[in-house]
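Q: sharing a model prediction with you, sequence too.
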Amino acid sequence: MGSDIKFSGTSFGVHTGLQHTTYDVLRPLWHRIEELGFDWISIWDHFYGATGQPDDAACFEAVAMHAALAAETTRVRVGSLVYSVGYRHPAVLAKMITAIDHVSGGRADLGLGAGWAVVEYNAYGMPFPETKVRMNQLEEAAQCVRGLLHDEVTSFSGEWFNLNEARNEPRPVQPKIPIWIGGGGEKRTLAITAKYADGWNVPFVSPETFAHKSRVLTEHCERVGRDPSHVRRTVNVGIAWTEESLVGQFGLLAEGVRPGVLTGSDDEVIDRIGQYVEAGADQINLALRAPFDADALERFSATLGLA
């Protein structure tokens with residue numbers, strides 16, 4: 001079956017890591033991704049590299065790069081996967097993403113997460129509380145951001161965040177900027193997603209794991225009386241046509257991410273994508289990190305006929 005039929009209605013994006021790179025590399029990369037027919041480009045939110053090592057600190061700040069991405073592109077959705085509410089107040093995030101929405105002409109998406117890279121918090125002297133607290137912060141932040149982005153006036157009283165008839169003006173270009181929750185925690189993360197998010201993203205899981213977590217998300221939606229189809233479901237996957245490429249991109253993390261990496265022949269990659277689509281994925285993002293493999297993107301686009 002041709003990919004244009006098999007994946008009708010499925011979106012494809014690229015998640016561009018901000019570690020060990022330069023702006024002079026990112027700009028043409030973003031332009032090329034858009035030219036190749038992808039629907040989405042996103043950035044991550046880290047102060048250090050994603051290896052979690054205390055000496056791996058070469059990483060651009062996310063908000064500035066998100067704004068640059070918005071300015072450099074003209075068609076793709078520009079997202080974040082995901083901003084950590086542990087060091088970004090939701091009101092600041094709402095103001096920031098509203099400005100980015102204006103820069104992009106109404107193409108911005110906002111992703112939120114509880115944060116995990118403890119090395120960053122320790123290095124910069126920021127509190128890194130236990131998981132339960134971080135999830136509570138995420139749930140409060142999602143409500144605050146949703147109100148500020150979707151409503152004219154927002155009041156909220158929580159343990160971690162408080163808003164008093166808060167206004168977010170000028171208003172975003174979009175009537176409602178999509179809010180995403182990132183992560184695979186089945187008790188809290190997916191429950192928060194079902195209540196407050198427009199989209200859900202999880203990285204580097206197999207199609208089988210994605211299908212299971214998607215079913216759990218559906219159950220949470222039904223529990224709160226929400227139509228499960230109103231939550232867009234996406235997965236971040238690696239792309240490594242060879243074993244050498246996999247190790248070159250992810251190093252010591254290669255084995256951990258392997259279940260969520262597209263690899264092999266063109267047909268094998270297409271079949272694997274089909275498994276994700278059958279598992280419920282509305283969008284598939286190729287998660288790249290420097291040194292960026294532009295040839296892999298070219299081949300992927302050609303294989304699926306995106307351009």
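A: In hand now; what should we look at?

Q: roughly how far is stretch 155-165 from the heart of the chain?
A: Taking C-alpha atoms, centre = their mean, to the nearest Å, one finds the center of stretch 155-165 at 26 Å from the center of the full chain.

Q: tell me which residues of it are tucked away?
A: For stretch 155-165, the neighbour count (16 or more other C-beta atoms under 10 Å) marks Phe156, Trp160, Phe161, Leu163 as buried. C-beta coordinates here come from the backbone N, C-alpha and C atoms, glycine included.

Q: who touches that stretch?
A: 89-91, 136-137, 140-141, 143-144, 147-148, 153-154, 166 (C-beta atoms under 8 Å, 6 or more residues apart in numbering).

Q: any weak-confidence spans in the stretch 151-300 of the chain?
A: Counting by pLDDT under 70, the stretch 151-300 of the chain contains no low-confidence residues.

Q: any chance you could map the strands in the stretch 101-250 of the chain?
A: 110-113, 154-157, 162-166, 179-182, 199-203, 232-239 (DSSP state E, counting those that start in this stretch).

Q: OK, contacts around the most centrally placed residue in the chain?
A: By C-alpha atoms, centre = their mean, the chain has its centre lying nearest to Leu81, at 2.5 Å. Contact analysis of Leu81 by C-beta under 8 Å, 6+ apart lists His15, Ser42, Ile43, Trp44, Gly111, Trp180, Gly182, Asn201, Pro203, Asn236, Asn285.

Q: closest one of the residues you listed to Arg226?
A: Nearest to Arg226 among the contacts of Leu81: Trp180, at 15.6 Å, using C-beta to C-beta.

Q: and that closest one, what does it touch?
A: Going by C-beta under 8 Å, 6+ apart, Trp180 touches 79-82, 109-112, 197-201, 234.

Q: and the pLDDT for the closest residue to Val85 other than its chain neighbours?
A: Of all residues not flanking Val85 in the chain, Ala141 sits nearest, at 3.9 Å (C-beta to C-beta, 6 or more residues apart in numbering). Looking at Ala141, its pLDDT reads 98.

Q: same check on the one 3 residues further on?
A: As predicted, Cys144 sits at a pLDDT of 98.

Q: tell me if I'm right that it and Pro90 touch.
A: Yes. Counting by C-beta atoms under 8 Å, Cys144 does reach Pro90; the two are 3.9 Å apart.

Q: of the two, who's got more company?
A: Pro90 (30 against 26; other C-beta atoms under 10 Å).

Q: first-to-last residue distance for stretch 42-61?
A: 13 Å (C-alpha to C-alpha, to the nearest Å).

Q: could you give me the average pLDDT of that stretch?
A: 91.

Q: returning to that earlier point: so which of the strands of the stretch 101-250 of the chain comes closest to Thr21?
A: strand 232-239 (16.8 Å).
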